[in-house]
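Engineer: Make a model of this:
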Amino acid sequence: PKSKELARELILLGSKIAKKGYVVIDGDKNDGIVSIIKELQKQISFDVNLSKAHGKIAVYKTASGNLPSTWHPNKFNKINNEFVTLAGVFSSDHVDPGSKLLRDQLPENLNGSGADFGAGWGFLTNFLEYLELVDTIFAGRMISETALAAIGQTFPVYFIIIALGIGLSIATTSNVANSLGEKNIKKASHAFSQSFVVTILVGLAITIFGLYFGNIILGSINDDPKTLKLSSLYMNVIYLGSVIILLLMVCNSCLSAQGDTKSYRNVLIFSFFLNIILNPILITGKIINFELFMPMGITGIAIATILSQIIGLLYLLYKIYRTEIFENFKNNYLIPKLSLIKEISFQAIPAALGLMMIALGSYILLFFVSRFGNDAIAGFSSAGRYEQLLFLPLLGLSTAVTAIVGQNFGAKNYARILETYNK
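Structural biologist: A predicted model of the protein is given here:
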């Protein structure tokens, strides 16, 4: 692996397993194998040490010497005394320069510069919520305070979709990571395929339910005709895009279970900027002063969000296409299998129900706040967006822990699970 920390950990593990046998180290020179072997040569003697083109292989007997005393297994990195990462995770010992540069360059008047896009550690800010924050800004500044209130009062309904997506994501991460830990790639591919099918079915159910009953729920919060109409226009697009929203979250979970969190970071950054570009264009129907089409208003905000997620989904599907999960995919994996669907549901439903309590709490609060009018809803909802940003890293951290525990549970490495819990 490119991570030297992870390479050292694997060599330590190999020496422990081999006992009095041989350990073979094989790698690409571009990944740093040369420097690793040089470190080892100070302590042990190699029976074989060969180079060919970009590759290098070395073999030593465990009894030929002791590994460097500075090497430690299962090393956890602490960054800023706030975040904990594992060897092998992208940018595990520091915030990567790209994320830092982006954060530093965001203008303060976006009202969202405090959002952390993540550095590949699994706690990435859920871009759906962040984009909703951006939507709120554009609704308030480019349309009206009523539009801001309209988007604000959709939060309980919107968060139910997010809760279902997070539940499915946790189930996907758990099942795929567990199968990978067992070294059963076919099982992992089957598990992801079943999650994919279940996610589509759940998304379609949300679409149908939302289009038929969404207005009733929104109307019970605030029955102001103008606000309700704007809320419905916004949420109808979100209902239609529910499948995309959920699939994006589940695809990210599949990649996270394999240790790839960098791809999702790329989606976050791209979607953020795309949403900022598309919002004013779709709201006004103009680019600068050139009129392109009829203004879409609040509907354009929702369309911008879904479009950015469609592009993000295509990118993540491409990344999955290049993994072993897709290489071992078979068409019959898409046929619903009751046992796997039960397993997915068993893990997804409790997590989703727990998060739905947040939606219920928001519904109750908005119900009482709405008694004071649209301005009160707009102010309350705007402040609530920042509260959500503080909550999101915890959701991301739970995803990271799920992947780590899932892989180690599948590999029956229970000591590592306990260590992850303690850390």
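Engineer: Report the residue spans of the stretch 301-423 of the chain with pLDDT below the cut-off.
Structural biologist: For the stretch 301-423 of the chain, the stretches flagged by pLDDT under 70 are 374, 378, 381-417, 419-423.
Engineer: what does the chain give?
Structural biologist: In the chain (pLDDT under 70), the answer is 1-2, 63-65, 69-145, 374, 378, 381-417, 419-423.
Engineer: ok, which stretches of it are strands?
Structural biologist: Secondary structure of the chain, counting by DSSP state E: strands at 22-28, 48-52, 55-61, 76-79, 83-86, 286-287, 290-291.
Engineer: chain center to stretch 294-310: distance?
Structural biologist: Going by CA atoms, centre = their mean, to the nearest Å, the spacing between the C-alpha centre of stretch 294-310 and its chain's C-alpha centre is 22 Å.
Engineer: Kindly export it (C-alpha atoms) in CSV.
Structural biologist: Taking Å, rounded to 0.1, in the frame of the first residue of the first chain, the C-alpha atoms of stretch 294-310 are listed here in CSV:
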residue,chain,number,x,y,z
MET,A,294,-38.5,31.2,-17.9
PRO,A,295,-37.5,31.7,-14.2
MET,A,296,-38.0,28.6,-12.1
GLY,A,297,-37.9,30.2,-8.7
ILE,A,298,-37.9,27.8,-5.8
THR,A,299,-38.3,24.8,-8.1
GLY,A,300,-34.9,25.7,-9.7
ILE,A,301,-33.3,25.4,-6.3
ALA,A,302,-34.5,21.8,-5.9
ILE,A,303,-33.6,20.9,-9.5
ALA,A,304,-30.0,22.3,-9.0
THR,A,305,-29.7,20.0,-5.9
ILE,A,306,-30.9,16.9,-7.8
LEU,A,307,-28.7,17.6,-10.8
SER,A,308,-25.6,17.9,-8.8
GLN,A,309,-26.4,14.6,-7.0
ILE,A,310,-27.0,12.9,-10.4
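Engineer: was I right about residue 365 contacting residue 380?
Structural biologist: Yes: counting by CB atoms under 8 Å, residue 365 touches residue 380, with 7.4 Å between them. Heads up, the C-betas are built off the backbone N, CA and C, glycines and all.
Engineer: which one of these two has more residues nearby?
Structural biologist: residue 380 (20 against 15; other CB atoms under 10 Å).
Engineer: What residues does the nearest residue to that one once chain neighbours are set aside make contact with?
Structural biologist: Once flanking residues are discounted, residue 380 sits nearest to residue 369: 4.8 Å by CB to CB, 6 or more residues apart in numbering. Each residue near residue 369 by CB atoms under 8 Å, 6 or more residues apart in numbering is listed here: 376-377, 380.
Engineer: quick one: residue 369 and residue 153, what's the gap?
Structural biologist: Separation of residue 369 from residue 153 (CB to CB, to the nearest Å): 9 Å.
Engineer: Name the residues contacting each of those two.
Structural biologist: Common contact partners of residue 369 and residue 153 (CB under 8 Å, 6+ apart): residue 377.
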